[in-house]
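Chemist: Here is my input; please provide its structure:
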Amino acid sequence: KGTRCFPRRDQAEQFNLRKLEELPGEPVIYPTNYQGSADKQTELKKNSPLPEQLVLKKGAWVMFRQNDLEDRWVNGSLGTVMKLSPDKIWVELANGEDVEVVPVAFTLLDQDDQPVASSKNFPLNLAWATTIHKSQGATLDRLHVDLRAAWEHGQAYVALSRVRHAKNLSLEGYSESSFVVD
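Modeler: Residues are numbered from 1 along each chain as shown. Down below sits the predicted model:
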């Protein structure tokens, strides 16, 4: 197993939804709870690693989007959803360890380090695919990168530098124009 990395959000979302639909059972939807003024919530939605709603099924491949305070996982750790409940999700990490996950808050601060908006949900995203932008800061064990729609300076570099070892990296749809440099 590995994660596919796409330049555009719609590519990653479509791939994830196709993979989720292949799993048996009904999806469980976890809406993200937002606090703060409407404009600050909009800003937070653009920058938070949390989706507006997390849609999961047992067997879903997920990526953690935050380091765990108890050091059980790091941003970019991968695992499989084993069990779902309204307030907890059980994930088997790729290393075989079973962890219990609870919702966490992400906070948007103003220039004085005061909170102006927050979002709360499980720190997970579907991980069959992600965007290059959302993969920033993550370190992945296996990665398949599709550079067909790369459009931004440094985008290819960011994607290619997410994987721990080059032997676990595969590329698709790349050409000289995929590598936009400044």
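Chemist: Which residue is the nearest non-sequential neighbour of the residue nearest the centre of the chain?
Modeler: Here the mean C-alpha position of the chain is nearest to the C-alpha of Asn125 (CA atoms, centre = their mean), at a distance of 4.2 Å. Distance criterion CB to CB, 6 or more residues apart in numbering; nearest residue to Asn125, sequence neighbours excluded, is Met63 at 5.3 Å. In this view, the C-beta of every residue, glycine as well, is placed from N, C-alpha and C.
Chemist: helix or strand for the residue nearest to the centre of the chain, which one?
Modeler: According to DSSP states H and E, Asn125 maps onto strand 124-126.
Chemist: picking that back up, contacting residues for the residue nearest to Asn125?
Modeler: The neighbourhood of Met63, defined by CB atoms under 8 Å, 6 or more residues apart in numbering, consists of 3, 76-78, 124-127, 130, 138.
Chemist: Save these as JSON lines, and put in distance to Asp39 and pLDDT too.
Modeler: Below are those laid out as JSON lines (distance: CB to CB, whole Å; pLDDT from 0 to 100):
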{"residue": "Thr3", "distance to Asp39": "33", "pLDDT": "82"}
{"residue": "Gly76", "distance to Asp39": "30", "pLDDT": "82"}
{"residue": "Ser77", "distance to Asp39": "33", "pLDDT": "88"}
{"residue": "Leu78", "distance to Asp39": "34", "pLDDT": "89"}
{"residue": "Leu124", "distance to Asp39": "27", "pLDDT": "95"}
{"residue": "Asn125", "distance to Asp39": "25", "pLDDT": "90"}
{"residue": "Leu126", "distance to Asp39": "28", "pLDDT": "94"}
{"residue": "Ala127", "distance to Asp39": "31", "pLDDT": "89"}
{"residue": "Thr130", "distance to Asp39": "27", "pLDDT": "85"}
{"residue": "Ala138", "distance to Asp39": "28", "pLDDT": "74"}
